[in-house]
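Novice: The sequence and its predicted three-dimensional model are supplied below.
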Number of protein chains: 2
Amino acid sequence: MARPAIPHATVSRLPLYLRCLDQLPVDQETVSSGEIATALSINAAKVRKDFWYLECEGRRGVGYDIQSVASQIGAALGLDVPLTIVIVGMGNLGMALAHYQGFASRGLILAGVYDTDPGKIGESVGDLVIRHPDSLTEDVRSQGVSIGVIATPAPAAQGAVDLLVKLGVTSILNFAPVVLHAPAGTTLRRVDVATELLILGYHQSNSDGVG
Amino acid sequence: MARPAIPHATVSRLPLYLRCLDQLPVDQETVSSGEIATALSINAAKVRKDFWYLECEGRRGVGYDIQSVASQIGAALGLDVPLTIVIVGMGNLGMALAHYQGFASRGLILAGVYDTDPGKIGESVGDLVIRHPDSLTEDVRSQGVSIGVIATPAPAAQGAVDLLVKLGVTSILNFAPVVLHAPAGTTLRRVDVATELLILGYHQSNSDGVG
DNA sequence: TACTGTGAATGTGTTCACAGCC
DNA sequence: GGCTGTGAACACATTCACAGTA
């Protein structure tokens, strides 16, 4: 009954469960561990144990209530308090990320986009206008930004991180091809984030290799 | 001496090591496990064991030869035989990915970009021209494509996967917000790919939660 | 019968700790 | 002293297997 903390491995699967639940027929009310397991090609006991950590109660012989599982997962991921993000660096990648539906569909609110290029400042991106990173100080304070996305060229990346961290942003999603360092006085945990790479094996499970 | 297969966990760290090595001063010839461990905020024994799996030979009291470690990692990732990728879906995200330096800097060759929208077909993207996915059949055969990137809207994603798989592509990198299914006759392994999410904790290590 | 809940067994990955070499 | 190489200990994650409930 006194449940342990939710393991990392479980947390990393939660977004996957969420997507999977989203795609069930709207009139379906319950779902079994087996159904989810099949859809994600994982083991059903793993699904049950994951849900157990989340304190989702299922009904034997029936399954789990979709609504309540979804809301438990949302709560565990902190999506019940919507997260606010900003994107620094409005090159091609930054632009694409700003337009990308993936953030919104995961409940993230894009609050600002920034670039140092005077030629870009003032340009509109959806509802937002590109501004100089100097504005971050004000924006982070007023909007309570929790995630900063780095889409700058490599040499500018570390500076952007330092600034964000100084302002109190605690999560950095880095797309620049550099290894970032934690500014002084902070510690750092590196996490691989769920972009999905599906490795297809033909009839027997392919041993390994990222290619 | 008879070394076991390289564990998944190790493989998932190899790109990180590679980036880390790239950023060392050009005149530096050797690197110690401790140096790398500090840069990546991981344990030094882990680095040594990872290098051990790769059969990298270090010198006690000195460290590892940077060149040879880099080439061993490259070989383990299959980057000595350059991988070829194609992108299906040339909306904002697809465009950005096509221009993104990250692929090239990891030794991936972008061989084709595809979209079904007649208004987009024929448009140039760098050296390439957007074509209809029908051309994939020919292209995959002639270029030996190993990775297909899905950047289509959600409803088109599964169809794109089915086509790629039918043509013999064995790795799919999915950016569409849907759960994909393995076509009949194939098995599927899901992998989280290294986009870096740095979670910064202030002096004490932040317990958890992806936000 | 169909499903959950969960201890126990197994498998994998990480870290320690120290001998051995430069 | 600084660093690698590596067994052994530990921690964590997955899977099995089955009792229990609707």
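Specialist: Here it is on my side, so go on.

Novice: so A:I147 bridges to which residues?
Specialist: Beta bridges link A:I147 to A:I85, A:S171 when assigned by DSSP bridges.

Novice: tell me the contacts of it?
Specialist: A:L83, A:T84, A:I85, A:V86, A:L108, A:V169, A:S171, A:I172, A:L173, B:G211 (C-beta atoms under 8 Å, 6 or more residues apart in numbering or on different chains). Quick note: C-beta positions are derived from backbone N, CA and C, even for glycine.

Novice: and chain A, what are its domains?
Specialist: When chain A is parsed with automatic domain parsing, its domains come out as A:8-76, A:83-174.

Novice: Could you say which of those is packed most deeply?
Specialist: domain A:83-174 (a mean of 18; mean count of other C-beta atoms under 10 Å in any protein chain shown).

Novice: Check the model's average confidence along it for me.
Specialist: On average, the pLDDT along domain A:83-174 is 88.

Novice: Local confidence estimate at the most far-flung residue of chain A relative to its centre?
Specialist: Taking C-alpha atoms, centre = their mean, the residue of chain A most remote from its mean C-alpha position is A:G61, at 33.4 Å. With respect to pLDDT, A:G61 has a value of 95.

Novice: A:I36 too?
Specialist: Taking A:I36 on its own, its pLDDT is 95.

Novice: isn't it right up against A:R19?
Specialist: No: with contact defined as C-beta atoms under 8 Å, A:I36 does not count as touching A:R19 (10.8 Å).

Novice: and the closest residue to A:V125 other than its chain neighbours, which of the three is it?
Specialist: Closest residue in space to A:V125, ignoring its immediate chain neighbours: A:A98 at 4.9 Å, by C-beta to C-beta, 6 or more residues apart in numbering or on different chains. Look at A:A98: counting by DSSP: H, G, I helix; E, B strand; the rest coil, its state is helix.

Novice: residue contacts, A:A98?
Specialist: A:I87, A:M90, A:L110, A:V113, A:V125, A:G126, A:L128.

Novice: again, only using 7 Å
Specialist: Shown in contact with A:A98 (C-beta atoms under 7 Å, 6 or more residues apart in numbering or on different chains): A:I87, A:L110, A:V113, A:V125, A:G126.

Novice: ok, now A:A111?
Specialist: Applying C-beta under 7 Å, 6+ apart, the residues contacting A:A111 are A:T84, A:I85, A:V86, A:D139, A:Q143, A:V145.

Novice: For whichever residue of chain A sits closest to chain B, which non-adjacent residue is spatially closest?
Specialist: Distances between chain A and chain B by C-beta to the nearest C-beta are smallest at A:A96, namely 3.0 Å. Of all residues not flanking A:A96 in the chain, B:A96 sits nearest, at 3.0 Å (C-beta to C-beta, 6+ apart).

Novice: these two touch, right, the one you found and A:L93?
Specialist: Yes: applying C-beta atoms under 7 Å, one finds B:A96 in contact with A:L93, separated by 4.7 Å.

Novice: I am finished for the moment; much appreciated.
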